[in-house]
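Undergrad: predicted coordinates and the sequence they were generated for:
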Amino acid sequence: MAARVALYPGSFDPFHNGHLEIVERAANLYDEVVVAAVRNPQKSQPLFSMEKRQEMIANALSHLSNVSIVTVSTLVVNVARDVGASVIVRGLRAVSDFENELQMAQMNHRLSGIETIFIPTGSSHSFLASRLLREVARYGGDVRDLVPAPVAKALGEVFAGNNDWSENESTL
């Protein structure tokens with residue numbers, strides 16, 4: 001029997017605990033999960049390079065033996081085909097996410113026949129968005145409890161002059 005492979009795409013700029021929750025849950029459902037950090041030309045200038053995102057995600061997911069990470073700048077359905085994924089996994093934070101996610105799922109299905117599975121985040125992560133985390137960190141807010149430790153360290157380095165929590169790495 002072929003391995004059941006799921007693809008979890010996103011810009012992950014930065015990867016946060018909501019993303020982590022979705023990957024962990026998908027890893028329990030599928031034989032293999034491929035996390036794809038996608039370069040999204042519709043989003044503003046990224047905070048982290050694709051290489052740095054891949055490194056942070058790999059460090060945050062090192063406890064999961066059935067997860068791998070790739071970086072891409074192509075259609076998600078092409079990545080799904082390339083990695084042998086039978087399903088695309090998407091996280092939902094709130095009802096407001098559903099309309100856009102549904103359109104993407106329908107387009108992906110039309111292009112490739114691949115199904116999309118939605119996994120809702122727990123209420124403790126439903127407010128997390130990478131855009132908000134970048135803004136909070138930029139203005140000195142402490143985001144350490146909202147992102148995996150490798151991401152907190154990287155955010156602390158990028159915004160070192162804007163906060164007092166990044167100076168003490170022992171708390172990360």
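TA: Everything's here; your move.

Undergrad: would you map the helices across this protein?
TA: With DSSP state H as the criterion, the chain has helices at 17-29, 50-60, 76-83, 95-112, 130-138, 149-158.

Undergrad: wait, which of those helices is closest to residue 11?
TA: Each of the helices of the chain was checked against residue 11 via Cβ to Cβ, and the shortest separation belongs to helix 130-138, namely 6.9 Å. Yep, even glycine has a C-beta here, placed from its N, CA and C like the rest.

Undergrad: residues of that closest one that come out buried?
TA: Neighbour counts using 16 or more other Cβ atoms under 10 Å place 130, 133, 134, 136, 137 of helix 130-138 among the buried residues.

Undergrad: run through who's touching that helix.
TA: Residues lying outside helix 130-138 but in contact with it, judged by Cβ atoms under 8 Å, 6 or more residues apart in numbering, are 11-16, 47, 143, 146-147, 155, 158-159, 162-163.

Undergrad: what's the distance between residue 79 and residue 154?
TA: 24 Å (Cβ to Cβ, to the nearest Å).

Undergrad: neighbour-wise, which of these two wins?
TA: Neighbour comparison, residue 79 and residue 154: the larger count goes to residue 154, with 23 against 20 (by other Cβ atoms under 10 Å).
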